[in-house]
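1. Curious how this folds, go ahead:
(one chain, ligands or ions: 1)
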Amino acid sequence: MAVRPRMEAMSKRYAVISDIHGNLHAFMAVLGELGQHDIDEIICLGDIVGYGPAPDRCIDLVCNYSSITIRGNHDEAAVDPVKADLFNGAARQAIYWTRDYLSAVHIDALNRLKPVERLNGTVMCVHDCPVPAPSDYVHDKQMAALAFRGVDAHICLLGHTHVPIVFEAPCQNIDADYAIPDVTGWIPRNGEAVFLEPSKRYICNPGSVGQPRDCDPRASFGVLDLDRNTFTVHRVEYDVAAAQVATQEAGLPSILAQRLAIGA
Ligand code: ZN
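-> Numbers count the residues shown, from 1 in each chain. Coordinates of the predicted model:
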C-alpha cells in the first residue's frame, strides 16, 4: 500500500478505518485496497485489538501507517482488563486472551493512544459517543442527536457500532441540543459519495474492518475527501475462511469465528 508522506497543509484524502479487532486478513485486504484510492493519510478510530487472533500484527501496521489513532474500548480493556468486566462473555474472554498474548511493547503502544484527536480544526476523531449518554453506540438518530452535543467540529469521525452510517445536523447553533427531527441519517451504499455540506455538521462512521455487523461480511472502511467534501464507504472482500481458521487455532471462542461469515 502506498500512502503519500505527511504534508499537513496538502493532506486532503483520508482513509478512515475502525474496529480492526485483530483481524489481520481483513486489515491486509483493506490496506491493499487503499492503493486504489489515492490516500494521503490514514486515520484509525480505535479497537485495533479484541476478538481476533492477530492483535500484535494489527498494532504494528497501525503504528506504521496511521497518522492519527484513537483508543477504543477494547484497546483500553487490553491495557486494563478490569474495564472488560462489562463486556459479554466472548468479548471478555478475547480480551483476557489478548492481554496474555501481547508483549509489553504492544500494551504500551495501546496505552499511549488518546481518546480524542483533532485534524485542522475541522475534523474531530473519537471511538464512540463523545458525550456521556445512556449508550455509547451512536446507532440511530436519537443517539446522534445526543452525540452532536459533544461535536465541536464540522465533521466527527467515530466507530464502535461496526455499522457504516452518516448523520447530518444543522450547523447554526454549535451548542444546540438537537431534537431528533433535526438529525438525518443515511446508510451509505458501497462506493456512494455522501456530500458533506459546509453549512451542516456530520457524524461519519466507516463501519468495521475486522468484524462488520451490518449483515455484510466484507471489510468496511471510509474515505474522507476534504477537497470535495465527501465521505465514501467502501467494502472489500477478504479471506473470511482463513480468518475463521486463525481465530479457532488461537483458541478464541468459536462464536467469534462464526460471526465473521455473516457480518453480525
Ligand atoms: Zn469494536
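
2. Show me which residues of the protein are close to the ion?
-> Proximity of the chain to the ion is confined to 19, 47 under the rule CB under 5 Å from the ion. Every residue, glycine included, has its C-beta placed from N, CA and C.

3. the strands in the chain, which residues?
-> Per DSSP state E, the chain carries strands over the ranges 13-17, 41-44, 66-69, 117-119, 123-125, 155-157, 165-170, 184-186, 193-195, 200-205, 219-225, 230-236.

4. The closest residue in space to Ala193 that isn't next to it in sequence and Glu33, how far apart?
-> Across the structure, with CB to CB, 6 or more residues apart in numbering as the measure, the residue nearest Ala193 apart from its sequence neighbours is Thr230 (4.1 Å). The spacing between Thr230 and Glu33, counted by CB to CB, to the nearest Å, is 17 Å.

5. The two: which is more packed in?
-> Glu33 (19 against 15; other CB atoms under 10 Å).

6. For that one, which residues are in contact?
-> Counting by CB atoms under 8 Å, 6 or more residues apart in numbering, Glu33 touches 221, 234, 236.

7. By neighbour count, which of those residues wins?
-> Busiest of the contacts of Glu33 [other CB under 10 Å] is Phe221, holding 29 neighbours.

8. So that residue versus the ion, what's the distance?
-> 14 Å (CB to the ion, to the nearest Å).

9. got it, and Phe27?
-> Noted for Phe27: a distance of 13 Å to the ion, by CB to the ion.

10. shift numbering so it begins at 39
-> Yep, numbering from 39; the last one is Phe65 now.

11. The closest residue to that residue other than its chain neighbours: how many residues sit nearby?
-> Across the structure, with CB to CB, 6+ apart as the measure, the residue nearest Phe65 apart from its sequence neighbours is Ile58 (5.1 Å). A count of neighbours around Ile58, defined by other CB under 10 Å, yields 34.

12. Same question for Asn149.
-> The criterion is other CB under 10 Å. On that basis, Asn149 has 14 neighbouring residues.

13. For it, list the residues it contacts.
-> Applying CB under 8 Å, 6+ apart, one finds that Asn149 lies in contact with Val117.

14. The same query, at a cut-off of 10 Å, please.
-> Counting by CB atoms under 10 Å, 6 or more residues apart in numbering, Asn149 touches 109, 113-114, 116-118, 142.

15. Ala142 too?
-> Residues near Ala142 by CB under 10 Å, 6+ apart: Asn149.

16. Now mean pLDDT too, for the strands of the chain, in a markdown table please.
-> As requested, the strands of the chain are arranged in a markdown table below (pLDDT from 0 to 100):
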| stretch | mean pLDDT |
| --- | --- |
| strand 51-55 | 97 |
| strand 79-82 | 97 |
| strand 104-107 | 96 |
| strand 155-157 | 94 |
| strand 161-163 | 97 |
| strand 193-195 | 97 |
| strand 203-208 | 95 |
| strand 222-224 | 94 |
| strand 231-233 | 96 |
| strand 238-243 | 96 |
| strand 257-263 | 98 |
| strand 268-274 | 98 |
